[in-house]
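Chemist: sequence first, then the predicted structure, then my questions.
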Amino acid sequence: GDSVTQMEGPVTLSEEAFLTINCTYTATGYPSLFWYVQYPGEGLQLLLKATKADDKGSNKGFEATYRKETTSFHLEKGSVQVSDSAVYFCALSDRLKTSYDKVIFGPGTSLSVIP
Amino acid sequence: SAVISQKPSRDICQRGTSLTIQCQVDSQVTMMFWYRQQPGQSLTLIATANQGSEATYESGFVIDKFPISRPNLTFSTLTVSNMSPEDSSIYLCSVEPGQTNTEAFFGQGTRLTVV
């Protein structure tokens, strides 16, 4: 079945460092891909999304490009801030598999940014 | 977009008791989803609730343990029955208000601790 794999955490970076969180997926259809963020004590928020190959999602300085050839959707940010400390989830949904968008989540990567 | 209110935000319960979690959406949606997030882990879909029909449960989850109601297009409840410490998790309500591969929106979650 469909699945999402992402790099294990926790990841600890200094402020203004470059961030990459790797994400790869397995899907037989044409999924949409998402990055969700969960700040401490809160629910999930959509960070960015891409719905087809070569699309680039971006938000709050974060970017990710839908790479069908490598089945990847890596999250990047050029300069992280302390406020970016959170857990990041890569996810996919494939409406072709069901009549609705069942979302499949990766295991999550915890990011801590230190001043 | 959709704004989701989830109650309670947290609770501490005795084993053997039951807790009902409420999810209210600010717009009418066809599908509502309930997820469980065990400590330090990713989200797992419990069931999908469609208004006017029985909920559809994922493998490993049963109606007797997690009964769900969906009385109208803006409201749903999830009950965690006969609780044990293993049920200690964050439970999240989610909706997907769009028609084609749009993102899911989440409530802030209910943090349940069973003692």
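Modeler: Nice, thanks for sending it over.
Chemist: partners of the helix or strand bottoming out on mean pLDDT in chain A, with directions?
Modeler: Least confident helix or strand of chain A, by mean pLDDT, DSSP states H and E, is strand A:103-105 with a mean of 88. Neighbouring strands of strand A:103-105 in its sheet, by DSSP bridges, are strand A:86-93 (antiparallel).
Chemist: let me see the contact set for residue 103.
Modeler: Went with chain A since none was named. A:F34, A:A91, A:L92, A:S93, B:F33, B:L45, B:S94, B:E96, B:A104 (Cβ atoms under 8 Å, 6 or more residues apart in numbering or on different chains). To be clear about C-beta, it is placed using only N, CA and C from the backbone, and glycine gets the same treatment.
Chemist: was after chain B, sorry
Modeler: B:E103 touches A:F34, A:L46, A:K49, B:E96, counting by Cβ under 8 Å, 6+ apart.
Chemist: inside strands: which ones of the residues you listed?
Modeler: A:F34, A:L46, A:K49 (DSSP state E).
Chemist: what's B:F66 in contact with, if anything?
Modeler: B:W34, B:I46, B:A47, B:Y57, B:L78, B:T79, B:V80, B:S81.
Chemist: for these, give me a markdown table that also has neighbour count and secondary structure.
Modeler: A markdown table is the format used below for the contacts of B:F66 (neighbours: other Cβ atoms under 10 Å in any protein chain shown; DSSP: H, G, I helix; E, B strand; the rest coil):
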| residue | neighbour count | secondary structure |
| --- | --- | --- |
| B:W34 | 25 | strand |
| B:I46 | 24 | strand |
| B:A47 | 21 | strand |
| B:Y57 | 17 | strand |
| B:L78 | 26 | strand |
| B:T79 | 14 | strand |
| B:V80 | 25 | strand |
| B:S81 | 16 | coil |
